[in-house]
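>>> model this:
(one chain, ligands or ions: 1)
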Amino acid sequence: MKLDTRVFPELEALSRGLLDETLAILKDAVARRGRFAIALAGGHTPAKMYAMWAEKYSAQTPWDKVHLFWGDERYVPQDDLLSNCRMTRETLISHIPIPAANVHAVPTHLAPPEKAAEAYEADLRKFFGATPEFDMQLLGLGIEGHTASLFPGASALDEKQRWVVPVTAPAEPPRRLTFTPVVLNRGRNTFFLVSGANKREIMAALRGEPENKPSQYPAGRIRPSGRLLWFLDQPAAG
Ligand code: 6PG
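Numbers count the residues shown, from 1 in each chain. Sure thing, here's the model as predicted:
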């Protein structure tokens, strides 16, 4: 499968390149629609970009026009060490003047997980209306090809109605909430950020897939109507 990639020497340069692109999209979105909605990725890779955003790009960011969402979240308390929201608060949110109402955290305090998924989807529908069109979606890549919390073989990959579903993942912690392809295949700009030699094999596997067949990997099933770019560091690109 042909992937549109941008390769950087290492994660620092990748993060800077991604932020330059982010601010350009942000400025255009605010000029056109008066706001910028981004779905953030979890895991470890984006932490450097989030910290750099706070340290070096905050002054040029109109935070009152920026809305932060998460493409997936672990079903843990928001102060849990495994929470994507906690990671983002520590690296970005605690260091910027963004209005609290613009931070759309996944309500993982609601039980059961189905209720949390419904509440998060209601927040999305209130924000977007009928069509969830993010200005930007950041996605990570797992070594077995998962993205967000869409893992190989998950029924959520074939979801056609719901925007957010609870899943049980073969990863720690197993209970998660994730966007479905209903959302992820509508983004205006979708960027995968992939770093590290441990991602080289899955990147080669994705690139080696035939164009005319659906990907066997969840990440390969994300084929949004808008721009799709893969931001890689050299170790991941091979
Ligand atoms: C999560 C993420 C997940 C992540 C990949 C890559 O909640 O864990 O959303 O999809 O992006 O697992 O994680 P790393 O960046 O830690 O390699």
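>>> after the longest helix seen in the chain comes which helix or strand?
Longest helix of the chain, by residue count under DSSP state H: helix 11-33. Later in the chain than helix 11-33, the nearest helix or strand by DSSP states H and E is strand 36-40.
>>> Direction included, what does that following strand pair against?
strand 66-70 (parallel), strand 136-139 (parallel) (DSSP bridges).
>>> Compile those into TSV and extend it with columns for mean pLDDT.
Output for the strands paired with strand 36-40, formatted as TSV (pLDDT from 0 to 100):
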stretch	mean pLDDT
strand 66-70	99
strand 136-139	98
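>>> Can I get those in a markdown table including mean neighbour count and distance to M1?
Every residue, glycine included, has its C-beta placed from N, CA and C. Listed next are these as a markdown table, based on neighbours: other C-beta atoms under 10 Å; distance: least, C-beta to C-beta, whole Å:
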| stretch | mean neighbour count | distance to M1 |
| --- | --- | --- |
| strand 66-70 | 22 | 26 |
| strand 136-139 | 27 | 16 |
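>>> Reformat those as CSV; add distance to A171.
CSV is the format used below for those (distance: least, C-beta to C-beta, whole Å):
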stretch, distance to A171
strand 66-70, 16
strand 136-139, 15
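>>> between those, which gets nearest to Y57?
Closest to Y57 of the strands paired with strand 36-40 is strand 66-70 (C-beta to C-beta; 11.3 Å).
>>> what's in contact with the closest one?
26, 35-42, 84-85, 88, 93, 98, 102-106, 124, 127, 134 (C-beta atoms under 8 Å, 6 or more residues apart in numbering).
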